[in-house]
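> no sequence for this one, just the structure:
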DNA sequence: ACTTGATTGAAACAGTTGTTTGAATCAAGT
DNA sequence: ACTTGATTCAAACAACTGTTTCAATCAAGT
């Protein structure tokens, strides 16, 4: 690999990611991280200063990695906004529940979203806000006569429907049968959410002119 | 009060609730809980055995309390299911983002939902499953021709839209202006979610017979 | 071969954790 | 007044935490 120099640094970040994502910042121990990353206990302080700065570095790594792993498509001019919405939802869902090489990134990001620390502001600015702006743009094409406030509510409805499958995943497993749970793949869920959202937009636009 | 006997026991649970909700199980310290509850350090072990059993008792208390604070309405026979859906969504949202005497219950429950511990199974059985069944019943009235799997997907869409305002509340505050955030009251959000969901159901039923 | 600077390693540090202990205090029954 | 059982209290315990220390090791430049 080209990253032979910072090999242990990378191993520590990778290990820290999975431990932080599983247990949270406080419950995670530097000893466990270093053991998992096959690094000495002092490596954390040597490379990152202290536990907190390791955590922040890990969060940054997480969303950069995630954005790279599952990129958004770029649509040619004049693409049907309904197609864009469907693609957007599928990408969002894939980022949230899709399987990939490592899964701790999304869990760590969820923690930051629900209980923000210092690392969150940058994540919102670099990662979440652009996504939200993209969704807002797509929805604006679909409901140009609606107010910006209303469009934002629809955007939150979209995000909420997707996020739900990540946040309450353990509970969902308890509520539906194993085979039905197994059918919850990004593709299928994205189709459902897109259909429901498009229907909702139709109704909102219809109710609006009365 | 009538609960003079277990006064300190109640104080400890109340204190434990807010500390556990704010920091999670591991980061919370028995010392902080006892200090907040004006009880001696040994009170936790005396009344609950250990920290873990205190936590479980606190979670149980949380959802019983929450169900009592914000009950579901009971509808007369033959009520329009659309009215029922609107009421259900409003109740769900109020439970999630509404202000009440104490706010830690919902935060603690969210923690359990996202990262279940032993206390979660009982909560799903006693609290979440009945709610989900009620929602499923209402949606069944509205879309009797759809499959049970499809109805469950719509139910998850409803829950997801509501839950979103609780889970990502800090991020939402970063994304919209303060005055717009202030307008996010249960009443308004419930109307939006109901409208969007009803529109989605219409479209699903329409697409279905093609 | 020697030097230099970066990295690794094992051990120790001071502080905090959940839990236990045993005496002190209290309330109520006799 | 005495007894009894439940409750409170301060102190201590052993285990674990993040962090520091400083010598050992390594890789490369001279």
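Everything's here; your move. All values derive from a computational prediction rather than experimental measurement. Residues are numbered from 1 along each chain as shown, chains lettered A, B, ... in the order given.

> low pLDDT regions in chain A?
Scanning chain A for pLDDT under 70 picks out the ranges A:1-6, A:210.

> so which bits of it are right by DNA strand D?
A:28-32, A:41-42, A:44-45, A:50-52 (CB under 7 Å from any atom of the strand). Quick note: C-beta positions are derived from backbone N, CA and C, even for glycine.

> Three-state assignment for residue A:77, please.
Of the three states, residue A:77 takes coil under DSSP: H, G, I helix; E, B strand; the rest coil.

> for residue A:56, same thing?
Going by three-state DSSP, the state assigned to residue A:56 is helix.

> got the contact list for it?
Neighbour list for residue A:56: A:117-119 [criterion: CB atoms under 8 Å, 6 or more residues apart in numbering or on different chains].

> can you tell me which of these are in helices?
When these are checked against helices using DSSP state H, the ones located there are A:118-119.

> restricted to buried residues, select the contacts of residue A:56 in PyMOL.
The PyMOL command for the buried members of the contacts of residue A:56 (criterion: 16 or more other CB atoms under 10 Å in any protein chain shown) is given here:
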select buried, chain A and resi 119
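
> need the contacts of residue A:56 in TSV (columns: distance to chain B).
Shown next, in TSV, are the contacts of residue A:56 (distance: CB to the nearest CB, whole Å):
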residue	distance to chain B
A:117	10
A:118	13
A:119	12
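
> so among the residues of chain A next to DNA strand D, which ones count as buried?
Among the residues of chain A next to DNA strand D, the ones that count as buried (16+ other CB under 10 Å) are A:28, A:30, A:44, A:51.

> now the residues you listed as JSON lines including secondary structure and distance to chain B?
Compiled in JSON lines, those are given as follows (DSSP: H, G, I helix; E, B strand; the rest coil; distance: CB to the nearest CB, whole Å):
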{"residue": "A:28", "secondary structure": "coil", "distance to chain B": "9"}
{"residue": "A:30", "secondary structure": "helix", "distance to chain B": "15"}
{"residue": "A:44", "secondary structure": "helix", "distance to chain B": "19"}
{"residue": "A:51", "secondary structure": "helix", "distance to chain B": "13"}
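
> of the residues you listed, closest to residue B:98?
Of all these, residue B:98 sits closest to residue A:28, with 33.4 Å by CB to CB.

> my read is that the closest one contacts residue A:21, right?
No: taking CB atoms under 8 Å as the definition, residue A:28 is not a contact partner of residue A:21, at 9.0 Å.

> what about residue A:37, how many neighbours?
22 (other CB atoms under 10 Å in any protein chain shown).

> that one against residue A:12, yeah?
Yes: with contact defined as CB under 8 Å, residue A:37 counts as touching residue A:12 (4.5 Å).

> shared neighbours of the two, which are they?
Here residue A:37 and residue A:12 share the contacting residues residue A:43, scored by CB under 8 Å, 6+ apart.

> which one's the longest helix in chain A?
Looking across chain A with DSSP H, the single longest helix is helix A:186-208.

> what is the strand or helix carrying residue A:35 packed up against?
Residue A:35 belongs to helix A:30-36 when assigned by DSSP states H and E. Contact here means 3 or more CB pairs under 8 Å, 6 or more residues apart in numbering or on different chains; DSSP states H and E; on that basis helix A:30-36 packs against helix A:7-27, helix A:43-48.

> pull the distance from that helix to the chain's centre.
Using CA atoms, centre = their mean, to the nearest Å, we find the averaged C-alpha position of helix A:30-36 to lie 26 Å away from the chain's own average C-alpha position.

> tell me how far residue A:14 lies from residue A:118.
Separation of residue A:14 from residue A:118 (CB to CB, to the nearest Å) stands at 21 Å.

> about what we covered before: got a list of contacts for the longest helix of chain A?
Under the contact criterion CB under 8 Å, 6+ apart, helix A:186-208 has outside partners A:82, A:85-86, A:89-90, A:93-94, A:97-98, A:139, A:142-143, A:145-146, A:150, A:154, A:157-158, A:161-162, A:165, B:150, B:153-154, B:157, B:195-204, B:206-207.

> do that again at 7 Å, thanks
Where contact means CB atoms under 7 Å, 6 or more residues apart in numbering or on different chains, the residues beyond helix A:186-208 that reach it are A:82, A:85-86, A:89-90, A:93-94, A:97-98, A:142-143, A:145-146, A:150, A:154, A:157-158, A:161-162, A:165, B:153-154, B:157, B:195-200, B:202-204, B:207.

> buried stuff in that helix?
Buried residues in helix A:186-208, counting neighbours by 16+ other CB under 10 Å, are found at A:186, A:189-190, A:192-205.

> can I assume residue A:94 is in contact with residue A:71?
No: with contact defined as CB atoms under 7 Å, residue A:94 and residue A:71 do not form a contacting pair (10.3 Å).
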